[in-house]
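# I need the structure of the sequence given here:
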Amino acid sequence: MDNISINRKKYLILIPAFVALVMALIPTIKYQWPLGWDIIYHVQYAQIYAHNGFTLINPLLNAPVGQKIGYPPLFHFLIAAIGTGLGIDFFQVARLLQPLLAMSIVLSVSYVAYKLYGEIAGIGAGFLMLSSMMVERIIVALPENLALIFLPLAVYLYYRSIEDKQLKMAILGGLMLILVIGTHHAATLCLVLTIIAITIMELVVYRDYNVLINFMGFFLLILGVAAVGVVAIQIFTPELLQTLMQQGIIAITGISTSLNYTRSLGIYSYLGHIGILVIIFSVLGAGFALKNHHRKDNMIIVWIMTMIILSNAYLFGINVITYRVLIYLLIPLSILGGYGIKISCCKLQKFNEKKKYLQFSSTNIMVGFLVVILAISTLSALLTVTDSNIAVYSVKNEFGKVQIAPPSNSEVDLANWFRENGNHSRSVVISNQFTGMFLATEAGMPLNYGFAHYALKNQTDTQLLRLKELNVGYLVYDKNLVLPVEDKNNPIYMRSIYSEFFSLYYFSKNITQNFLEIKPDYATKVYENDEFIVCTINY
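This next block holds a predicted model:
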């Protein structure tokens, strides 16, 4: 069975990658902004690196102190290099990356499936990726999606090093690990856990203690890079090394290794996001994989089980966002599903040969079945990428949803006003921190997080002196942030409402109609559009 293919045309595994490219081009061309809200601060980081070189501090956030950058820099370096080299706006670079990343992820998964199970499995795995609702995530320009290109290759190379007993393959896998570490935290965690799980399987199932050599080889390069890095820091910035030893890498870089909340998914949400085709064919593939009990089959199943356990880590008291783990689960499921498609083609071919349906050749039956599956997958992807909701991102709070991407016309006008009229040496306090992030990226205005302290009328002269000390120059009010039921019986007040990533500041009454009751005496209104009011601070 492992030798069945479509005329041995290896280049056919490029087809799903090409379809992914076309699918991702549809929203890329349709919308002028890159998809997602996260890309706003990723572009901002790229701008910081382009202007300041490598740094651990983002001066645009938490002004005047600055905020530690909590992301590995490789993705941002990529945006900065392309944008600077070609003279393209960084947001447009992100749009350019959308189809390229989607294509590369699907090609990576197809390639690994092809190397493990042949051409049909490679083609099937790629199209199963597209059939999933998660396709809306892989067409977004994110560091995670850059890491997802390298992750399946790293796992495959580690497997090859064990199967072929070639240490160099493990070292090549370690090179992929370095790229993942330099790109995204969660991808690093998922990759390392998968490698550990495969190693444990080798020790327990196959009693192969030589796998420990492969395991060490996989991490050899990153250990070498770490050692060189420590020596370089000791030579050029010894004070940083001392601080690292005293406070740890988290305190220095702001990189977080844990979540302070959890979000789980029910079984039906799993099915809905992963996709029915992926589930059906991965179950079929798993059945034959368990029957065959080959090393590669066991490796894929262990990989899947590791991601399932991680996605349910909240059951063990560990915070996890289950939805974010599903993309890591989708990859091995698609590979196993590709194997399931290959098995189905093989069974259909043998069934036809047995029944001798002479009007249809065995090859035509097999190809026809495969074309149907690929057509359904493509249609599913098309429906996903043409849904208008794919471009709209919102956050939830107790009062409903607040749209945070794409930027509204008023947000763009606000950013243009600050770009032309703002004093960039002074910072902004704003009631809508999501809009504030866009202002920092698009207009280069530093943000101070003290809106709750400086934006109400009952401020004192001491507060004004404090604003001058912090160099805060502007107050910005989002007129949409008003409590759904106005409290007309009490003086106007403000409430901080947590909204997933940031707190939003809501007022108890219509902001426009009651602005004189809100605006501090030391502030002067200088700009207003449909959604925002801007005041300068007089000192």
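# Would you mind identifying the next helix or strand past the helix or strand of the chain with the lowest mean pLDDT?
Each helix and strand of the chain was given a mean pLDDT (mean pLDDT, DSSP states H and E); the minimum falls on helix 238-253 at a mean of 68. The C-terminal neighbour of helix 238-253 among helices and strands, as given by DSSP states H and E, is helix 267-274.
# which residues sit in contact with the spatially most central residue of the chain?
Nearest to the geometric centre of the chain sits Glu144, at 4.1 Å (CA atoms, centre = their mean). When contacts are counted by CB atoms under 8 Å, 6 or more residues apart in numbering, Glu144 touches Thr183, His184, Ala186, Ala187, Ile327. Placement of C-beta: from N, CA and C, glycine included.
# got it, and Ile138?
Ala20, Leu101, Ala102, Ile105, Val106, Met129, Asn145, Leu148, Ile327.
# next one: Leu336
With CB under 8 Å, 6+ apart as the criterion, the residues that contact Leu336 are Phe281, Ser282, Gly285, Ala286, Ala289, Ile300, Ile301, Ile304.
# I'd say Phe219 and Ile178 touch.
No. Counting by CB atoms under 8 Å, Phe219 sits too far from Ile178 to count as a contact (10.0 Å).
# before we move on, back to that, Throw the contacts of Leu336 into CSV and include neighbour count and secondary structure, thanks.
Putting these into CSV (neighbours: other CB atoms under 10 Å; DSSP: H, G, I helix; E, B strand; the rest coil) gives the following:
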residue, neighbour count, secondary structure
Phe281, 28, helix
Ser282, 29, helix
Gly285, 29, helix
Ala286, 19, helix
Ala289, 23, helix
Ile300, 27, helix
Ile301, 17, helix
Ile304, 21, helix
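# Just name the closest of these to Leu14, please.
Within the contacts of Leu336, proximity to Leu14 (CB to CB) peaks at Phe281, which comes in at 20.7 Å.
# any idea how far the closest one is from Ile365?
When CB to CB, to the nearest Å is the yardstick, Phe281 and Ile365 sit 17 Å from each other.
# Could you check the angle the longest helix along the chain makes with helix 267-274?
Of all segments of type helix in the chain, defined using DSSP state H, the longest is helix 322-355. Angle, helix 322-355 to helix 267-274, by axes from the mean of the first three to the mean of the last three CA atoms, to 10 degrees: 70 degrees.
# who's in contact with stretch 271-288?
For stretch 271-288, the surrounding residues in contact (CB under 8 Å, 6+ apart) are 124, 128, 131-134, 265, 297, 301, 304, 323, 326, 329-330, 333-334, 336-341, 343-344, 373, 376-377, 380.
# name the helices or strands packed onto the helix or strand hosting Met437?
Met437 is part of helix 433-443, with elements assigned from DSSP H and E. Applying 3 or more CB pairs under 8 Å, 6 or more residues apart in numbering; DSSP states H and E, we find helix 433-443 packed against helix 38-52, helix 409-421, strand 427-430, strand 472-478, strand 502-507.
# where does His536 fall, phi/psi-wise?
Rather than His, residue 536 is Thr. Note on Thr536: backbone dihedrals following degrees, to the nearest 10 are phi -90, psi 160.
# Show me what counts as buried in whichever strand or helix holds Leu157.
Taking DSSP H and E as the definition, one finds Leu157 inside helix 143-163. Going by neighbour count (16 or more other CB atoms under 10 Å), the buried part of helix 143-163 is 143-162.
# Tell me if I'm right that Ala141 and Gly36 touch.
Yes. Between Ala141 and Gly36 there is a contact at 7.3 Å, judged by CB under 8 Å.
# Give me the more crowded residue out of those two.
More neighbours surround Ala141 than the other of Ala141 and Gly36, with 29 against 22 (other CB atoms under 10 Å).
# so that one, which of the three states?
Taken by DSSP: H, G, I helix; E, B strand; the rest coil, the conformation at Ala141 corresponds to coil.
# which ones are touching it?
Taking CB under 8 Å, 6+ apart as the definition of contact, the neighbours of Ala141 are Pro34, Leu35, Gly36, Ile39, His42, Ala94, Arg95, Leu97, Gln98, Leu101.
# same deal with Ile178?
Leu221, Ile222, Val225.
# any idea which element it lies in?
Short version, using DSSP H and E: Ile178 is in helix 167-181.
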